[in-house]
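J.: Here is my input; please provide its structure:
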Amino acid sequence: MESWKHLSRRSAKRRVYNFYVSCINESIEMDKNAEKSLFDLVGDLGNTSFLGAADANILDFRRTLKTVLTKYFLKSFVDINIGTIIVFISINKDLLARRQTFLSIAGHANIRNRTIYNFYKEFIKKTFIILGSPLTSYEIDTKVDDIVTLETKMNVFNNSSEPETFNLSSLSDAFKTFDLNGIITSLMTSVNGSVDDIDLIEVAFSQFLRNLDYMFRSENPDTLRNYVIWIGIYETFPFASNELRRYYNHFEELLYPGPRVVHPRWFECIRTLNRYKPLVDVVSVEYLKNSELDTPLIEDILKRIKDAFRSNVNSVSWLDAKSKKAVAQKFENLIVSTKPQRLENETRVEKNMENIEMDQYSYFRNKIILLKVERVESYQTDVKTQLIVPYDINALYVFHQNRADFNRAAFIKPDYFNRSYSQLLGSIGMIIGHEFTHMIENMGIQSVLSTRGDFSNSSRDKFIEIWDCMIEQYNSYNLYGMSLLGEKEINENMADNSGLSVAFTAFNKWKSENNEEKDYPGLDLTADQLFFVSFAHNNCEKYSRDYGILNILNNNHAQGKFRVIGSVSNNENFAKAFKCKLGSNMNPVKKCFLI
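T.: Have a look, this model is predicted:
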């Protein structure tokens with residue numbers, strides 16, 4: 001990427017370089033730029049009496065809410081999402097719920113909540129002092145109190161009402177304060193659509209929004225505008241000036257105490273870049289151009305895993321004929337993507353960056369631009385668009401589209417492709433089998449949740465037995481004195497176990513066609529053992545105690561150690577390869593088995 005700095009400023013690669021440089025640069029100059037950019041943003045949102053502007057009227061409040069949601073696509077108390085012909089409106093449950101405890105009167109009886117409450121008020125005050133408020137300390141305190149009082153009132157309402165459907169006309173009559181029609185019209189324009197395309201508007205928590213609409217009519221419009229601006233800019237604090245970031249991080253730590261992982265800045269910058277598809281695509285095209293890709297080998301592995309998946313499904317006894325037929329039909333309709341089509345046209349990738357100006361001296365401005373790009377993109381996602389970063393080793397199954405995405409470009413790495421077939425199928429093959437398993441696991445879940453599921457009643461009941469068995473198994477594992485959360489991880493654990501089983505079926509078939517793979521000279525492992533060692537190698541990791549505990553709480557995958565132990569201890573082929581005695585830890589009598 002270093003060589004890209006010499007390219008034209010209009011070049012897509014130069015813009016990606018500018019973004020990365022702006023992120024990695026934490027100089028005093030960049031800090032001042034962030035403060036100025038935040039000040040300019042507040043002004044464009046409609047300004048605020050915190051910074052000396054005249055008090056707002058109700059029209060000012062509506063304009064600010066519309067600007068927050070449709071020009072900058074920042075968050076507010078209301079969420080609006082656009083489907084093909086449907087608009088979904090809801091409250092921002094996360095934003096409201098996380099403030100509910102420490103803002104409520106009952107919550108103040110708790111010392112910890114009082115601490116959060118007091119710091120929250122100090123945080124709001126400090127923000128506008130940093131931005132240069134000309135008001136006295138008392139005047140700022142008064143406006144902060146007004147915002148917090150408003151938020152407290154908002155948390156009183158019950159938000160459990162059923163969703164309602166509207167058209168544009170009835171929506172305008174139901175919610176007069178927010179100008180939702182104007183907001184929807186602007187959002188449709190942003191995604192090159194028209195309000196004429198909308199057949200239906202669905203409003204979740206409609207009674208809650210009605211209550212807010214009614215309450216807002218009697219509130220001071222200036223407080224409403226100040227509140228919407230505060231909530232909007234709160235989302236920008238992770239990339240604001242150092243001082244505001246410190247306040248933001250401390251507030252988040254008060255809300256969610258416990259261990260935290262701090263990554264080096266370069267890592268955070270790469271991870272941030274990977275969030276934004278136009279930037280990712282520029283890097284991916286360059287990566288693919290400079291990589292040697294063994295396409296026939298990839299296609300061969302993919303075909304072998306598909307055949308093995310079908311074989312395993314047909315061989316299990318818990319699925320009856322009707323359920324097997326449903327699985328086979330869904331599997332034939334599965335969309336498998338190994339290279340995003342969007343990367344095949346480099347000119348198009350360049351064109352997608354045309355209107356995305358990246359300033360190497362202002363990370364804040366760059367992030368504001370990319371937040372909008374990301375949210376507009378979320379409204380325009382093609383069902384066949386690959387969702388994962390093409391140069392990152394990853395894969396996923398998208399259940400509502402019945403699609404499995406794999407990054408064959410990432411598997412170019414020597415760790416994967418300078419290997420024997422036992423290693424290839426134990427590593428890549430297992431990953432592919434893992435994603436295919438999510439399809440059958442999701443069919444089981446839908447059959448449990450709905451009488452119209454794909455499985456027969458008997459297959460559904462046996463699926464539940466396997467589900468419960470695996471939850472119990474993983475709950476029994478312990479890391480740093482903390483039990484794994486088997487129910488939270490169940491989807492991934494099922495996929496790990498069955499993915500490994502499918503991959504070994506494919507390896508057995510390969511051996512029968514190739515007179516069995518020879519052992520490695522100087523390596524005291526059979527081909528079968530090497531298969532399982534290669535699978536384990538996928539899950540090698542080292543972490544601190546705090547990170548391990550945080551991972552249990554926040555990750556839907558088990559820790560690498562238990563992804564390996566849990567899967568191989570359910571696999572009879574592993575016990576046979578390593579001659580594990582029946583009843584031992586690695587070959588228990590009771591095994592949990594899907595396919």
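J.: so after the helix or strand where E350 lies, what's the next helix or strand?
T.: Taking DSSP states H and E as the definition, E350 sits inside helix 346-351. On the C-terminal side of helix 346-351, the nearest following helix or strand under DSSP H and E is helix 363-379.
J.: pLDDT of that following helix, averaged?
T.: Here helix 363-379 scores 88 as its mean pLDDT.
J.: what distance separates stretch 441-457 from the middle of the whole chain?
T.: Here the centre of stretch 441-457 is set off from its chain's centre by 25 Å, with Cα atoms, centre = their mean, to the nearest Å.
J.: Contacts for it, please.
T.: Taking contacts as Cβ atoms under 8 Å, 6 or more residues apart in numbering, the residues outside stretch 441-457 that touch it are 319-320, 322-323, 326-327, 330, 397, 399, 459-460, 463-464, 467, 491, 494-495, 498, 594. All C-beta spots, glycine's among them, are computed from the backbone N, C-alpha and C.
J.: buried stuff in it?
T.: E441, N442, M443, G444, I445, S447, G453, D454, F455, S456 (16 or more other Cβ atoms under 10 Å).
J.: so how far is D213 from the second one?
T.: Separation of N442 from D213 (Cβ to Cβ, to the nearest Å): 38 Å.
J.: again, but for the last one
T.: Taken as Cβ to Cβ, the spacing of S456 relative to D213 amounts to 48 Å.
J.: Excluding chain neighbours, what is closest to E572?
T.: For E572, ignoring the flanking residues on the chain, the nearest one in space by Cβ to Cβ, 6 or more residues apart in numbering is K591 at 7.5 Å.
J.: Please give me every residue in contact with that neighbour.
T.: So K591 contacts S569, N570, E572 (Cβ under 8 Å, 6+ apart).
J.: so when I look at it, I'm seeing a strand, right?
T.: No - in this structure, K591 is coil, not part of a strand, as judged by DSSP: H, G, I helix; E, B strand; the rest coil.
J.: mind checking pLDDT for it?
T.: At K591, pLDDT is 94.
J.: re the thing from before, from the contacts of stretch 441-457, list the buried ones, please.
T.: 319, 323, 326-327, 397, 459-460, 463, 467, 491, 494-495, 498, 594.
J.: Among those residues, show me the least confident.
T.: Out of the buried ones among the contacts of stretch 441-457, that is Y397, at 87.
J.: Any idea what it is bridged to?
T.: A404 (DSSP bridges).
J.: distance of it from V502?
T.: 14 Å.
J.: Mind listing the shared neighbours of these two?
T.: Joint contacts of Y397 and V502 (Cβ under 8 Å, 6+ apart) are F436.
J.: one step back: of the contacts of K591, keep whichever come out buried.
T.: S569, N570.
J.: Redo the contacts of K591 as a markdown table? Include distance to H537.
T.: Below are these laid out as a markdown table (distance: Cβ to Cβ, whole Å):
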| residue | distance to H537 |
| --- | --- |
| S569 | 18 |
| N570 | 19 |
| E572 | 21 |
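J.: Just give me the longest helix of the chain.
T.: helix 486-513 (DSSP state H).
J.: other SSEs contacting the next helix or strand after it?
T.: Counting by DSSP H and E, the next helix or strand C-terminal to helix 486-513 is helix 527-537. In terms of contacts (3 or more Cβ pairs under 8 Å, 6 or more residues apart in numbering; DSSP states H and E), helix 527-537 is packed against helix 421-424, helix 486-513, helix 560-568, helix 572-578.
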